[in-house]
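**Q** sequence-free structure coming up:
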């Protein structure tokens with residue numbers, strides 16, 4: 001007669017809990033990313049009395065970090081004047097907090113600008129950005145976005161391409177070109193008229209994502 005012991009041992013081993021397995025993260029409307037870019041800005045200094053002839057070398061860094069759904073969004077923009085006229089060099093620091101769900105994301109905070117030769121030395125302004133996904137399309141809106149350089153924008157992105165209307169009269173666009181599994185080349189620019197000042201910015205940079213994005217077309 002066969003002993004039931006081997007069968008009991010097999011059943012006990014198969015039903016015993018194994019080592020903890022990693023659970024897949026919930027899908028989010030945006031993924032964490034880190035990017036840096038360089039470009040040329042004309043006009044600029046929204047609400048600060050800049051002139052269309054003012055030209056700057058722009059160097060920016062932006063980062064987005066997600067802890068669960070809680071989102072930290074930050075950036076640094078340095079402007080170096082390429083002429084003697086107009087405002088001098090400045091640095092803008094953006095810090096925004098918010099939440100990113102499966103289909104939406106909202107962050108809000110402030111932009112602190114330090115004008116090394118201007119008056120006043122410090123300027124602090126609010127900054128808000130939101131996104132909502134409808135399938136592969138992402139609807140985007142923001143106030144004093146892009147390191148505080150864009151007054152307000154409303155647009156949409158499909159995959160790696162995004163277009164937006166900039167208030168009061170202008171536009172904004174970006175395109176992401178893949179370089180590797182978690183890195184890409186981003187070209188971004190905007191052009192708008194604010195009062196009697198025409199402002200434009202064109203940048204080229206590299207964006208990396210520490211984890212594979214669960215959504216396509218996430219923009220900064």
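**A** Sure thing, it's come through. Only a predicted model underlies this, so the values are computations on that prediction, with no experimental measurement involved.

**Q** Can you tell me, leaving aside adjacent residues, what's nearest to residue 160?
**A** Leaving aside its chain neighbours, residue 160 sits nearest to residue 176 (3.9 Å; criterion: Cβ to Cβ, 6 or more residues apart in numbering). Where you see a C-beta, it was placed from the backbone N, CA and C, and this is true even at glycine.

**Q** Please apply the same query to residue 98.
**A** Residue 98 sits nearest to residue 107 (Cβ to Cβ, 6+ apart), 3.3 Å away.

**Q** Spell out which residues sit in contact with that neighbour, please.
**A** By Cβ atoms under 8 Å, 6 or more residues apart in numbering, the contact set of residue 107 is 71, 73, 96, 97, 98, 128, 129, 130.

**Q** so which strand or helix has it?
**A** Element membership for residue 107 (DSSP states H and E) is strand 104-115.

**Q** quick one on the thing from earlier: the residue nearest to residue 160 against residue 204, yeah?
**A** No. Residue 176 lies out of contact with residue 204 (Cβ atoms under 8 Å); the separation is 11.6 Å.

**Q** that older thread, bridging residues for the residue nearest to residue 98?
**A** Taking DSSP bridges as the rule, residue 107 bridges to residue 98, residue 129.

**Q** Now do it against residue 184, distance only.
**A** Using Cβ to Cβ, to the nearest Å, residue 107 is found at 21 Å from residue 184.

**Q** just residue 197 next, same as before
**A** Residue 197 is 32 Å from residue 184, by Cβ to Cβ.

**Q** now do residue 124
**A** Using Cβ to Cβ, residue 124 is found at 33 Å from residue 184.

**Q** Compare neighbour counts for these two and give me the winner.
**A** residue 184 (19 against 10; other Cβ atoms under 10 Å).

**Q** who does that one bridge with?
**A** On the basis of DSSP bridges, residue 184 is bridged to residue 178, residue 207.

**Q** With residue 60 instead?
**A** Beta-bridge pairing for residue 60 (DSSP bridges): residue 37, residue 77.

**Q** How many neighbouring residues does it have?
**A** Residue 60: 25 neighbours (other Cβ under 10 Å).

**Q** tally of neighbours for the closest residue to residue 128 other than its chain neighbours?
**A** Nearest-residue entry for residue 128: residue 108, 4.5 Å, with adjacent residues in sequence omitted and distances by Cβ to Cβ, 6+ apart. Applying other Cβ under 10 Å, we find 15 residues neighbouring residue 108.

**Q** do the same with residue 98
**A** Neighbour tally, residue 98, other Cβ under 10 Å: 17.

**Q** I figured it hits residue 131, correct?
**A** No. If you go by Cβ under 8 Å, residue 98 and residue 131 don't touch, sitting 10.1 Å apart.

**Q** So for those two, which residues contact both of them?
**A** With Cβ under 8 Å, 6+ apart as the test, residue 98 and residue 131 both reach 105, 106.

**Q** give me the element the residue nearest to residue 160 is part of.
**A** Per DSSP H and E, residue 176 falls inside strand 169-180.

**Q** Just the buried residues of that strand, please?
**A** Residues 170, 172, 173, 174, 175, 176 are the ones in strand 169-180 that count as buried (16 or more other Cβ atoms under 10 Å).

**Q** Could you pull up the mean pLDDT of stretch 137-155?
**A** Mean pLDDT, computed over stretch 137-155, is 95.

**Q** how about the strands in this protein?
**A** Counting by DSSP state E, one finds strands in the chain at the ranges 33-42, 55-67, 70-81, 90-100, 104-115, 122-134, 137-145, 150-158, 161-167, 169-180, 183-194, 197-208.
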